[in-house]
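Novice: fold the following, please.
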Amino acid sequence: MQHKVVAIQFNYLGKKYYFSSNDLDLNRNDYVVVETIRGFELGEVISDIIDISEKDLVSPLKPVLRIATPEDIEAFKQNMIDQTPILDLTEDLVKKHKLDMKLLNSEYTLDRSKLIIYFTSDGRVDFRELVKDLANEFHVRIELRQVGARDGAKIIGGIGPCGMQTCCTRFLREFEPVTIKMAKTQNLSLNPSNISGLCGKLLCCIRYENENYKNFKAETPNVDSLVWTKDGQGKVLKINYSEQSVTVMFTPDDKNTYHMSDVAMKKEDLDIEEELSSLED
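Specialist: Reported below is the predicted structural model:
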C-alpha cells in the first residue's frame, strides 16, 4: 500500500517530519495546520508530495488537517510577537526562584492551549514552583523543555571562529556526532579554545572533511617512517594534509617537501611511478 506524504518543518532549519497529505493539493512553501504530540501547530511544507510504501513507515502517519487560513497565519504571528514579554516575565520568575537555567525561546501551540519554554542548564533543575507561577500567570498548560548546548546555540545563533554565521543557524537541519578522534585525524590543535564552537562543543565543521582526511591518511606514510623520493630515501618529518605534501628529512641539514604522489613506501613503487609518468604527454 502506498501513502502520499509531505515533509513539514515547524521552524527554520528544524527537523523535518512526514505527514499524510490527506488528499490535499499541497505544494512546497504552503503553510498547513497539523496535530502533533504538542497540540495543533502551523508548519511549512518543504517537499513535493511523495509516495511511501507501508513497509517504509517507522510510525503511523498523522494527516495534514488543512491548508492554513489567514486567521491561522495571523494567530501564529501574534504568538511570535508574544514571545519577548513571555521570556521577560519568565526570566524574572527564574531569578525569584534562584534557578540555574538559561532561557532560550518560548512558543505557543497554534491554539494557545500550551506554552513551551526552552532552556539550557548544566544540570537538572527542579522547576516545579516555576511551572506553578507560570501557569497562574498565563493560564495555559506549561511545558519547560531542557535542550542540549548545540540546540541552544542553534536557537540563539552567532558568529563562528571562521567569521561567518554559525552553520547550525544557516543550513544544518540535524546535528551529527563530532569526536575528538576526527580532530586528531586532521592534525588539528587539541586546544579546546581552538576546536570548540559557541556552544562549547566540538566544531561541527570538523566532521565535514573527515572522510577525505581518513582516505588521504590511509595512503600516507606515518611521521618518522622511511620513504623513497627521487632524491633518495629519507624520514617523514611532517605531513600537510590540506596541501597533500610530505616533508622528508635526509640529514639534519637536508630536507625537502614533496607532493604525496612523488613519495613511495618502497623504491620499486617509485620506479614504477617514474616509468609511467614518462609515458604522459
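Novice: alpha carbons only: can I get the lengthiest helix in the chain in CSV?
Specialist: Identified as the longest helix of the chain according to DSSP state H is helix 83-96. Extracted C-alpha coordinates of helix 83-96, given in CSV (Å, rounded to 0.1, in the frame of the first residue of the first chain):
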residue,chain,number,x,y,z
GLN,A,83,7.5,35.6,22.8
THR,A,84,9.5,38.5,24.1
PRO,A,85,7.2,39.5,27.0
ILE,A,86,6.8,35.9,28.0
LEU,A,87,10.6,35.4,28.2
ASP,A,88,11.0,38.7,30.1
LEU,A,89,8.4,37.6,32.8
THR,A,90,9.8,34.1,32.9
GLU,A,91,13.3,35.5,33.5
ASP,A,92,12.1,37.4,36.5
LEU,A,93,10.5,34.3,37.9
VAL,A,94,13.7,32.3,37.3
LYS,A,95,15.6,34.9,39.4
LYS,A,96,12.9,34.8,42.1
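Novice: what's it packed up against?
Specialist: Secondary-structure packing of helix 83-96 (3 or more C-beta pairs under 8 Å, 6 or more residues apart in numbering; DSSP states H and E): strand 102-108, strand 114-120, helix 128-138. Placement of C-beta: from N, CA and C, glycine included.
Novice: make JSON lines from these and add mean pLDDT and mean neighbour count to it.
Specialist: Below are those laid out as JSON lines (pLDDT from 0 to 100; neighbours: other C-beta atoms under 10 Å):
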{"stretch": "strand 102-108", "mean pLDDT": "92", "mean neighbour count": "19"}
{"stretch": "strand 114-120", "mean pLDDT": "93", "mean neighbour count": "20"}
{"stretch": "helix 128-138", "mean pLDDT": "94", "mean neighbour count": "15"}
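Novice: out of these, which is closest to residue 157?
Specialist: strand 102-108 (10.8 Å; C-beta to C-beta).
Novice: give me the sheet partners of that closest one and which way each runs.
Specialist: strand 114-120 (antiparallel) (DSSP bridges).
Novice: so residue 113 versus residue 54, what's the distance?
Specialist: 32 Å (C-beta to C-beta, to the nearest Å).
Novice: so for those two, which sits in the more crowded spot?
Specialist: Taking neighbours as other C-beta atoms under 10 Å, residue 113 and residue 54 compare with residue 113 leading, 12 against 9.
Novice: tilt between the longest helix of the chain and strand 114-120?
Specialist: Orientation check (axes from the mean of the first three to the mean of the last three C-alpha atoms, to 10 degrees): helix 83-96 against strand 114-120 gives 60 degrees.
Novice: name the residues that touch stretch 160-169?
Specialist: By C-beta atoms under 8 Å, 6 or more residues apart in numbering, the residues outside stretch 160-169 that reach it are 13, 150, 153-154, 157-159, 170, 175, 197-198, 203-205.
Novice: and the two most separated of those residues?
Specialist: Spanning the widest gap among the contacts of stretch 160-169 are 159 and 175, at 18.9 Å by C-beta to C-beta.
Novice: picking up where we left off before, mind checking which of the helices and strands packed on helix 83-96 is nearest residue 238?
Specialist: Closest among these, using C-beta to C-beta: strand 114-120, at 40.9 Å.
Novice: what's the offset of that closest one from the middle of its chain?
Specialist: Taking C-alpha atoms, centre = their mean, to the nearest Å, one finds the center of strand 114-120 at 21 Å from the center of the full chain.
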